[in-house]
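K.L.:
missing the sequence, but the structure's below:
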């Protein structure tokens, strides 16, 4: 039977940055006692910030047995460049923790397992920045040894948005290119739409209002509809009309192909980073 956690089950975070804070905050918002959240964070300033955001959470300056005792899961939420050091520091303390979840981009399960001294119950997730407001999506891969704890991993990740499980860890490189980097593509589009509005005579404030409301409303419409994006686009594109002319310019510039190429480039870079982070010194 798949393992589960209760709201009172302690969860230990290694790293107390924005994403860890978002997940912890999401767990607390869903009913987890703040005292069940443990965070290992060496920065005194960051510990002070966490204490102000989430009073009553348990804070540690460095890995200690008390931080892991009875924990239902440990979540590595440090920068990829810091993962080897963080993992080796926790390796002697983590053996009894049922499952480890890593949200460090590009760090593969085999490398983390090696740094943890052979610990094998590992799941790796790729969240994105809208998780900071509870609106993210996280794709994750669970190693064979961690499959019994997949429900625990999903409970944690669902605290800050939607969750998608993939069966091949290599798919997380593609996820990085699509949804991990995806918010930047959206912001790039918004920047361009705002710039066009300003160049057409609107103030900066009104340009932003028009651009953001258009994007937000379009996404809401798409989510409420059972139709795919292509069908929705066709419905608002009258032959010979304004939208058709605008889309013609985008097609002539190869905008769609450029976006596909950009996503693939990001996915390729994600794979390269995995190679780099896993390379022994």
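P.N.:
Sure thing, it's come through. All figures in this text were calculated on a predicted structure; none of them were measured in a lab. Numbers count the residues shown, from 1 in each chain.
K.L.:
how far away is residue 137 from residue 38?
P.N.:
Distance, residue 137 to residue 38, by Cβ to Cβ, to the nearest Å: 26 Å. In this view, the C-beta of every residue, glycine as well, is placed from N, C-alpha and C.
K.L.:
looking at the two, which is more packed in?
P.N.:
Neighbours were counted for residue 137 and for residue 38 using other Cβ atoms under 10 Å; residue 38 has more, 24 against 20.
K.L.:
quick one: the more buried one is in a strand?
P.N.:
Yes. Counting by DSSP: H, G, I helix; E, B strand; the rest coil, residue 38 is located in a strand.
K.L.:
state the pLDDT value of it.
P.N.:
Note on residue 38: pLDDT of 97.
K.L.:
who's in contact with the lengthiest strand in the chain?
P.N.:
When the chain is parsed with DSSP state E, its longest strand is strand 136-142. Residues outside strand 136-142 that contact it (Cβ atoms under 8 Å, 6 or more residues apart in numbering): 22, 101, 103, 109, 123-131, 149-150, 153-154, 157, 160-169, 171-172, 175, 179.
K.L.:
and after that strand, which helix or strand comes next?
P.N.:
helix 150-157 (DSSP states H and E).
K.L.:
so which bits of that following helix are buried?
P.N.:
The neighbour-count check on helix 150-157 (16 or more other Cβ atoms under 10 Å) flags 150, 152-157 as buried.
K.L.:
how about the helix or strand where residue 205 lies: buried residues?
P.N.:
Counting by DSSP H and E, the element that carries residue 205 is helix 204-224. The neighbour-count check on helix 204-224 (16+ other Cβ under 10 Å) flags 207-208, 210-211 as buried.
K.L.:
what sits up against that helix?
P.N.:
Contact partners of helix 204-224, identified using Cβ under 8 Å, 6+ apart, comprise 186, 189-190, 193-195, 197-198, 202, 229, 232.
K.L.:
span of stretch 19-37 from start to end?
P.N.:
Start-to-end span of stretch 19-37 (Cα to Cα, to the nearest Å) is 14 Å.
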